[in-house]
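Novice: here is a sequence with its predicted model. Questions after.
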Amino acid sequence: MNDTSLTLMQPAVWRILDANFDRAREGLRIIEEWCRFALNHQAMANECKQMRQELGMWHTPEIRAARDTARDVGTALSHPREEQRTGIEQLLQANLCRVQEALRVIEEYGKLYSPSVSSGSKQMRYRVYALESNLLTYRRRQLLANARLYLVTSAAPDLLLRVEAALQGGLTLVQYRDKQNNDIDRLAIAKQMCQLCHHYGALFILNDRVDLALAADADGVHLGQQDISIALARQILGTQKIVGRSTTNPEEMERAIKEGADYIGVGPVYETPTKAGKAAAGLEYVQHAAKNATVPWFAIGGIDNTNLDDVLKAGAPGVAMVRAIMNAENPTHAVQFCLGMLNRVPQVGARV
Ligand SMILES: Cc1ncc(COP(=O)(O)OP(=O)(O)O)c(N)n1
Ligand SMILES: Cc1ncsc1CCOP(=O)(O)O
Ligand SMILES: [Mg+2]
């Protein structure tokens, strides 16, 4: 490019850089506020702050002087998706994308202005990708730590409608458990259920199958005692996904926690046709877990509104249910009733 065309082009490049320095800083500020005031996460808030300050140093007076908002034809442009935010996940995701796009623009047009700014913007974009992963991971673990009610699904002709009804009741943790369908149907259902859960800000866990959990981009997998190791599950899913393990006695609990389970199932508390042939572990094991579990845990097995109070009195901070919700006439009301009982009992000790 010759000097003349470069000189003619320069103001336009400065305007582009000016707009994108602003976009990147504004987006980072929005994410920083959530990290600071909602998550109380100083490290992530500081990471946003440091990147904003670096962008401020690159945003020179000559670039700012090129601003011409009056003649900016883009100020009148909009899209419905820019106007709506259905939840905090979508708000954060929209601003993370905004920052990443702006940094990509700065990287490209910066090549015509300052190679160091261009390369610096590229490095900063990777920091924003890492921030996005860390934010998502933190959000998953926060949701898991705060979950009191865990729906484990069973076969139903209106499965997704029932799960949605349960989510509308305030459910925040769902496990898709499917012992009948072939893998093609399982994966199709898993992808739909995952999308549904995320729309409601809930976690989606897949039972048994790490491969399908990976393919469906589930938030995690639940492993039984006969399933693969947690280490192998993490090798396949990555370290940012949730891995749960079933336990029926103190030895299995100790082993599950030692191998790094993010949460454990404790049960079956009572015998249940949903898992026929499995002996009940009883309330004694719930009491043992209440005294000894050092990770989030959920009592499971034969629990419904007739015995939930007993399970809570035994010390369970959270419960997993299949029939009590899946077979309920109104899953929304069933979830609301159980959450009402669960939330009346303060969570004893940290669930993290
Ligand atoms: C929360 C929770 N706890 C225990 C189980 C049982 O899982 P598993 O032992 O793998 O048995 P199946 O569910 O595969 O029959 C669970 N699914 N969820
Ligand atoms: C999957 C599983 N693991 C232990 S008990 C159980 C099933 C619980 O089903 P329900 O809540 O209908 O008794
Ligand atoms: Mg299993």
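Specialist: Perfect, thanks for sending it. Residues are numbered from 1 along each chain as shown. Ligands and ions are numbered 1, 2, ... in the order given.

Novice: contacts, neighbours, all on C-alpha from now
Specialist: Fine.

Novice: how about stretch 44-52: buried residues?
Specialist: By 16 or more other Cα atoms under 10 Å, the buried positions in stretch 44-52 come out as 44, 45, 47, 48, 49, 51, 52.

Novice: need those residues in CSV with secondary structure and distance to residue 160, can you?
Specialist: Formatted as CSV, the buried residues of stretch 44-52 follow (DSSP: H, G, I helix; E, B strand; the rest coil; distance: Cα to Cα, whole Å):
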residue, secondary structure, distance to residue 160
44, helix, 36
45, helix, 37
47, helix, 39
48, helix, 38
49, helix, 41
51, helix, 42
52, helix, 42
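
Novice: CSV for those, including pLDDT and distance to ligand 3?
Specialist: Putting the buried residues of stretch 44-52 into CSV (pLDDT from 0 to 100; distance: Cα to the ion, whole Å) gives the following:
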residue, pLDDT, distance to ligand 3
44, 97, 35
45, 98, 38
47, 98, 39
48, 98, 40
49, 98, 44
51, 98, 44
52, 98, 46
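
Novice: and these, which is closest to ligand 2?
Specialist: Nearest to ligand 2 out of the buried residues of stretch 44-52 is residue 44 (Cα to the nearest ligand atom; 36.9 Å).

Novice: next one: phi and psi at the closest residue to that closest one other than its chain neighbours?
Specialist: The shortest distance from residue 44 to any residue other than its chain neighbours is 6.1 Å, reached at residue 35 (Cα to Cα, 6 or more residues apart in numbering). Main-chain dihedrals, residue 35, degrees, to the nearest 10: phi -60, psi -40.

Novice: pLDDT wise, what is residue 35 at?
Specialist: At residue 35, the model reports a pLDDT of 96.

Novice: ok, now the one 5 residues further on?
Specialist: In the prediction, the pLDDT value recorded for residue 40 is 92.

Novice: now do it against residue 87, distance only.
Specialist: Per Cα to Cα, to the nearest Å, residue 40 is found 19 Å from residue 87.

Novice: with residue 260 instead?
Specialist: Distance from residue 260 to residue 87, by Cα to Cα: 31 Å.

Novice: just name the closest of the buried residues of stretch 44-52 to residue 96, please.
Specialist: residue 48 (11.0 Å; Cα to Cα).

Novice: the closest one: what's it in contact with?
Specialist: Going by Cα atoms under 8 Å, 6 or more residues apart in numbering, residue 48 touches 28, 29, 31, 32.

Novice: take these and write them to TSV, including secondary structure, neighbour count and pLDDT.
Specialist: Listed next are the contacts of residue 48 as TSV, based on DSSP: H, G, I helix; E, B strand; the rest coil; neighbours: other Cα atoms under 10 Å; pLDDT from 0 to 100:
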residue	secondary structure	neighbour count	pLDDT
28	helix	25	98
29	helix	18	98
31	helix	23	98
32	helix	23	98
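
Novice: wait, which of the residues you listed is closest to ligand 2?
Specialist: Nearest member of those to ligand 2, counting by Cα to the nearest ligand atom, is residue 31, at 38.1 Å.

Novice: any idea which element the closest residue to the closest one other than its chain neighbours lies in?
Specialist: The shortest distance from residue 31 to any non-neighbouring residue, by Cα to Cα, 6+ apart, is to residue 92 (6.3 Å). Assigned by DSSP states H and E, residue 92 belongs to helix 88-110.

Novice: for the record, mean pLDDT for that helix?
Specialist: Here the average pLDDT along helix 88-110 is 94.

Novice: do stretch 232-242 as well
Specialist: 95.

Novice: centre of the chain versus that stretch, how much separation?
Specialist: In terms of Cα atoms, centre = their mean, to the nearest Å, the gap separating the centre of stretch 232-242 from the centre of its chain is 14 Å.

Novice: that one close to ligand 1?
Specialist: No - remark: stretch 232-242 sits outside contact range of ligand 1, by Cα under 6 Å from any ligand atom, the gap being at least 12.1 Å.

Novice: what about residue 142, neighbour count?
Specialist: 14 (other Cα atoms under 10 Å).

Novice: now for the strand or helix carrying it, which elements pack on it?
Specialist: Per DSSP H and E, residue 142 falls inside helix 115-146. Helix 115-146 is packed against helix 42-58, helix 88-110, strand 203-207, with contacts defined by 3 or more Cα pairs under 8 Å, 6 or more residues apart in numbering; DSSP states H and E.
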